[in-house]
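Enquirer: Pasted the sequence and its predicted model underneath.
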Amino acid sequence: SQTIHQWPATLVQPVGSPLSLECTVEGTSNPNLYWYRQAAGRGLQLLFYSVGIGQISSEVPQNLSASRPQDRQFILSSKKLLLSDSGFYLCAWSVNSGTTFGTETQYFGPGTRLLVL
Amino acid sequence: ILNVEQSPQSLHVQEGDSTNFTCSFPSSNFYALHWYRWETAKSPEALFVMTLNGDEKKKGRISATLNTKEGYSYLYIKGSQPEDSATYLCAPFSGGYNKLIFGAGTRLAVHP
């Protein structure tokens, strides 16, 4: 069966410090991978998605970046955190199973709560 | 950006009550509508995916309907139980954006 891991679970970082959040998926090959953020009182916002190694599409952030060094590894990074980066970060995966476009289920990890002070 | 609205924002009901909430979304470029349940300290879990106007899906005491022409979906819970307490998220997949756009969710609390 497939599992998804994220770490750390909780992180408190000072403004201006770097960030590295890691996500790994087991039990599937060539997944689509996603990074979402939930800020307080808001819906899940897609930050990045990847359809393969080294292929990253950026949706929103200016000071965040993502990398996919291996098929089932997805990393979210920042060189200098801002206060506005605080939130709950979720990694998710899906596979293209030949179903109707847009119907692929995304499976979420346990998340990382980030507090930037 | 695609505007997805969920109402109410939060809901408190007594055990045994039936309840429902709404997801509204633009009907243009619609491909699919996803519902997720997100329990505290757990990961969001997929409930339903619906694509066709008039679709109706059911999972135990939870069911959902879809109206793609007017752009809304209802989620119903019959005889709510405390274990139904969670945030329920809807997310349409729009061809214009090629991604899921999540609403802010409806937070349901079921009191014994």
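Expert: That came in fine, so what should we check first? Residues are numbered from 1 along each chain as shown, chains lettered A, B, ... in the order given.

Enquirer: only C-alpha atoms for contact and neighbour calcs from this point on.
Expert: Will do.

Enquirer: check contacts around the residue of chain A found nearest chain B.
Expert: Ranked by CA to the nearest CA, the top residue of chain A for proximity to chain B is A:Gly43, at 3.7 Å. Residues in contact with A:Gly43 (CA atoms under 8 Å, 6 or more residues apart in numbering or on different chains) are B:Phe102, B:Gly103, B:Ala104, B:Gly105.

Enquirer: restrict those residues to those near chain A?
Expert: Restricting those to those touching chain A (CA under 8 Å from any CA of the partner chain) yields B:Phe102, B:Gly103, B:Ala104, B:Gly105.

Enquirer: need the contact list for the second one.
Expert: So that's B:Gly103. Contacts here follow CA under 8 Å, 6+ apart; on that basis B:Gly103 touches A:Arg42, A:Gly43, A:Leu44, B:Val4, B:Glu5, B:Gln6, B:Cys23, B:Leu89, B:Cys90, B:Ala91.

Enquirer: By neighbours, which of these wins?
Expert: B:Cys90 (33 neighbours; other CA atoms under 10 Å in any protein chain shown).

Enquirer: Take the contacts of B:Gly103 and keep only those in strands.
Expert: Those of the contacts of B:Gly103 mapping onto strands are B:Glu5, B:Gln6, B:Cys23, B:Leu89, B:Cys90, B:Ala91, per DSSP state E.

Enquirer: what's the closest of these to chain A?
Expert: For the ones in strands among the contacts of B:Gly103, the nearest to chain A is B:Leu89 (8.2 Å; CA to the nearest CA).

Enquirer: so how many other residues sit close to the nearest residue to that closest one once chain neighbours are set aside?
Expert: Nearest residue to B:Leu89 in three dimensions, chain neighbours excluded: B:Gly105, at 4.4 Å (CA to CA, 6 or more residues apart in numbering or on different chains). B:Gly105: 30 surrounding residues under other CA under 10 Å.
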